[in-house]
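1. Any chance you can model this:
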Amino acid sequence: FAADKASVLKRARLAAIEVLSPAVIAQCLGRGENPLQRLTALRERANGTPLRATVNLLPAHGRIDVLAGETLDGWLRVLARSGISEVVLIDPQLDFERLGNAVQLALANGLSAIAALPYVDDHQHGNAHYSACAARLAQAGAQRIMLRDEAGLLHVDRLPGLLAALRSGADGTPLDLHTRCHTGLG
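-> Down below sits the predicted model:
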């Protein structure tokens, strides 16, 4: 990561740089690398831009079924000591109790907690559902709510009503959008 690229990052004035995720960790370990070493290098060159990590609360079915309690607390502590200042907390099952506990542990470790809300494109997940989910995540203490469209199915025509519902439920909690572009809709 050259110094000239670091100056580009500074001029870009990014809100955060997502630098660590379960997939990145797996790739680093597969190459025999320490995934935390890259954090040190990036932190030194990010010019104060917050570094973000994604934490999946159901990371590896069959090995660790649920990342919670002391294990999650320890991992969040390691992330904070390594220079991460924001975590995106993902629970694919949208277990509000588990997410709420994770949010509280993140905050207790000095991290900004972003709770992920998975987007599902079906008739059972209407605006009222998303409004209620956003409200629960805001009440749990999430500092941001991230609508995550992992499949890339969120259509632009769906956004006005969906965003209004999310804003209503989030009651002032900032919203983020994470989308994939597999379908070209992103």
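
2. Which secondary structure state does the residue nearest to residue 121 when sequence neighbours are not counted sit in?
-> Residue nearest to residue 121 in three dimensions, not counting chain neighbours: residue 153, with 4.1 Å by Cβ to Cβ, 6 or more residues apart in numbering. (Each C-beta comes from the backbone N, C-alpha and C, glycine too.) With DSSP: H, G, I helix; E, B strand; the rest coil as the basis, the three-state label of residue 153 is coil.

3. Just to check, residue 153 is in contact with residue 118?
-> No - if you go by Cβ atoms under 8 Å, residue 153 and residue 118 don't touch, sitting 11.0 Å apart.

4. Next up, identify which helix or strand residue 99 is on.
-> Element membership for residue 99 (DSSP states H and E) is helix 96-108.

5. low pLDDT regions in this structure?
-> 1-7, 9-10, 60-64, 182-186 (pLDDT under 70).

6. in it, which residue is closest to the centre?
-> residue 88 (2.1 Å; Cα atoms, centre = their mean).

7. so what does the helix or strand hosting residue 166 touch, helix or strand wise?
-> Assigned by DSSP H and E, residue 166 falls within helix 159-170. Counting contacts by 3 or more Cβ pairs under 8 Å, 6 or more residues apart in numbering; DSSP states H and E, helix 159-170 is packed against helix 127-139, strand 144-149, strand 175-179.

8. any idea how far residue 54 is from the closest residue in space to residue 96 that isn't next to it in sequence?
-> The spatial neighbour of residue 96 that comes closest, neighbours along the chain excluded (Cβ to Cβ, 6+ apart), is residue 136 at 5.1 Å. Separation of residue 136 from residue 54 (Cβ to Cβ, to the nearest Å): 20 Å.

9. who has more neighbours, those two?
-> Using other Cβ atoms under 10 Å as the criterion, residue 136 and residue 54 rank with residue 54 on top: 22 against 19.

10. Surely the more buried one touches residue 16?
-> No - the pair residue 54 and residue 16 does not pass the contact test of Cβ under 8 Å, sitting 11.4 Å apart.

11. Would you mind giving the secondary structure of the nearest residue to residue 20 once chain neighbours are set aside?
-> Once flanking residues are discounted, residue 20 sits nearest to residue 53: 3.9 Å by Cβ to Cβ, 6+ apart. Recorded secondary structure, residue 53: strand (three-state DSSP).

12. Next, count neighbours for residue 53.
-> 26.
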